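Chemist: Sequence and predicted structure, then a few things I'm wondering about:
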Amino acid sequence: MENRLMLKEGTLTVPPENSELINGCALTRPEPDDRARRVMENLTQCAKKYKLTNKPLDTVHEAGETYTSQSLPATVLFPPFSVSKKGSGSPDWVADFVYDNKDPNAFYVKPWVYMDSGVTEYWLFDVRKKKLYLYNFEKKGLIPEVIDGPRRIKAGIYSGLYISYSDLFAGLD
């Protein structure tokens with residue numbers, strides 16, 4: 001799969017505020033609440049711990065990174081978490097959150113954009129219901145695996161990274 005989603009250098013204004021552009025259409029992103037921030041912090045800590053001991057050339061990006069698509073004109077995404085392998089500017093693993101499990105942008109549009117852009121894995125957290133929708137594009141395409149209870153979750157971009165469901169959703173009760 002070819003990476004076609006790249007880090008955007010400099011600033012970019014996307015109207016309205018707190019939105020992303022997909023093929024020129026502005027999609028409003030929900031503001032992260034404390035629960036969403038906590039899950040993203042937990043995921044980032046797990047990824048950074050693994051990176052420090054196993055993959056020092058990889059980069060764990062936190063919220064604020066801007067990605068543009070080379071295959072879709074006027075597409076700009078702001079995932080709250082992403083990992084680029086071996087220092088490339090293209091993400092291999094992206095995570096986001098959703099508050100409404102009927103949001104078509106989160107469940108249909110963005111997974112397709114990420115898959116088309118060469119991302120290997122997309123994790124979508126429903127923090128209110130404590131669910132993880134795990135899209136592994138190389139193995140299952142656009143069909144997510146739904147994880148809604150305690151177990152070890154394998155990060156597909158690494159052969160040895162397993163993350164506990166309980167660790168991801170720690171501190172939400």
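Modeler: Yes, it's here. Residues are numbered from 1 along each chain as shown.
Chemist: quick one, phi psi at residue 156?
Modeler: phi -70, psi -20 (degrees, to the nearest 10).
Chemist: Return the residues in contact with it.
Modeler: 93, 120-121, 136, 138-139 (CB atoms under 8 Å, 6 or more residues apart in numbering). Placement of C-beta: from N, CA and C, glycine included.
Chemist: and the helix or strand hosting residue 26, which strands flank it?
Modeler: Assessed by DSSP states H and E, residue 26 sits inside strand 25-28. Paired with strand 25-28 in the same sheet, following DSSP bridges, are strand 19-22 (antiparallel).
Chemist: Give the rounded mean pLDDT of the partner strand.
Modeler: The average pLDDT for strand 19-22 rounds to 84.
Chemist: got it, and stretch 34-46?
Modeler: Rounded mean pLDDT across stretch 34-46 is 93.
Chemist: do the same with stretch 165-173
Modeler: 88.
Chemist: Please enumerate residues in contact with it?
Modeler: 35, 38-39, 42-43, 46, 125, 127, 130, 132, 147, 149-153.
Chemist: Which SSE is immediately downstream of the strand holding residue 26?
Modeler: Criterion used, DSSP H and E; the element after strand 25-28 is helix 34-54.
Chemist: Which parts of this protein are strands?
Modeler: 5-7, 19-22, 25-28, 59-62, 67-69, 76-77, 81-84, 93-98, 121-126, 131-136, 145-147, 152-154, 162-164 (DSSP state E).
Chemist: Least reliable of those strands by average pLDDT, please.
Modeler: Looking at the strands of the chain, the weakest mean confidence is strand 5-7, a mean of 57.
Chemist: hmm, back to that, tabulate the strands of the chain (a markdown table), appending distance to residue 108 and mean neighbour count.
Modeler: Below are those laid out as a markdown table (distance: least, CB to CB, whole Å; neighbours: other CB atoms under 10 Å):
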| stretch | distance to residue 108 | mean neighbour count |
| --- | --- | --- |
| strand 5-7 | 18 | 20 |
| strand 19-22 | 11 | 19 |
| strand 25-28 | 12 | 14 |
| strand 59-62 | 24 | 18 |
| strand 67-69 | 16 | 22 |
| strand 76-77 | 15 | 22 |
| strand 81-84 | 20 | 25 |
| strand 93-98 | 12 | 24 |
| strand 121-126 | 11 | 24 |
| strand 131-136 | 11 | 21 |
| strand 145-147 | 15 | 13 |
| strand 152-154 | 22 | 14 |
| strand 162-164 | 25 | 15 |
